[in-house]
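[1] with the input below, show me the fold.
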Amino acid sequence: MMNKAFCISLCLGAFLMVGCTSHPSPQQTMVDDRYMVYKEMEKAYRTAEEEYMNLLFNIERMPEEEELWIMKRDKMLELMQLKELMLNARAELDQAMQEWERHMVDLQAEQKKAQVKPYNPNFTGRDGQRTSPGQLLPGEVKPKQKYGEL
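    Numbering: from 1, shown residues only. Purely as a prediction, here's the structure:
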């Protein structure tokens, strides 16, 4: 009887883990979405940064070109905006990852709780509910000892 209950709880835990891996949780989906947004922002920033470096190189070669200086100012503003967006996307990603980690900890706690045996398998009946030999169960009262008795 006890082995059957243990096997059932073990199977339920396995199904829970399989279910979590085959169907992503909302927290995992949020992390994936935030990661994609962050990667796109980082890619856009890197591209703008490369264009800015090329622009600086061209200014160094042709400092008299006024249009290059205007483009430099615009590109610098774009870089600052992209940097801010990238940092915000990273903060959102970090927050989503923390929520996912909390969710995983909660799942692990639930799985551990399901594996805990509520009764002592060495005893049957009411004594099986005790977690230690001297534990009093609800409704039990230890008899009072009279003075002089041990």
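[2] need the longest helix for this protein.
    Using DSSP state H, we find that the single longest helix of the chain is helix 66-115.
[3] can you pull the contacts of the residue most central in space within the chain?
    Nearest residue to the geometric centre of the chain (CA atoms, centre = their mean): residue 101, 1.7 Å. Contact analysis of residue 101 by CB atoms under 8 Å, 6 or more residues apart in numbering lists nothing. For the C-beta atoms, the positions are set from N, CA and C on the backbone; glycine is no exception.
[4] separation between residue 74 and residue 49?
    Computed as CB to CB, to the nearest Å, the residue 74 to residue 49 distance reads 14 Å.
[5] out of these two, which sits in the busier spot?
    Ranked by neighbour count (other CB atoms under 10 Å), residue 74 and residue 49 place residue 49 first, with 15 against 12.
[6] quick check, pLDDT for that one.
    Looking at residue 49, its pLDDT is 95.
[7] surely it and residue 79 touch.
    Yes: taking CB atoms under 8 Å as the definition, residue 49 is a contact partner of residue 79 at 6.3 Å.
[8] right, and residue 25 touches residue 99 too?
    No: the pair residue 25 / residue 99 is not scored as a contact, 9.8 Å apart, by CB under 8 Å.
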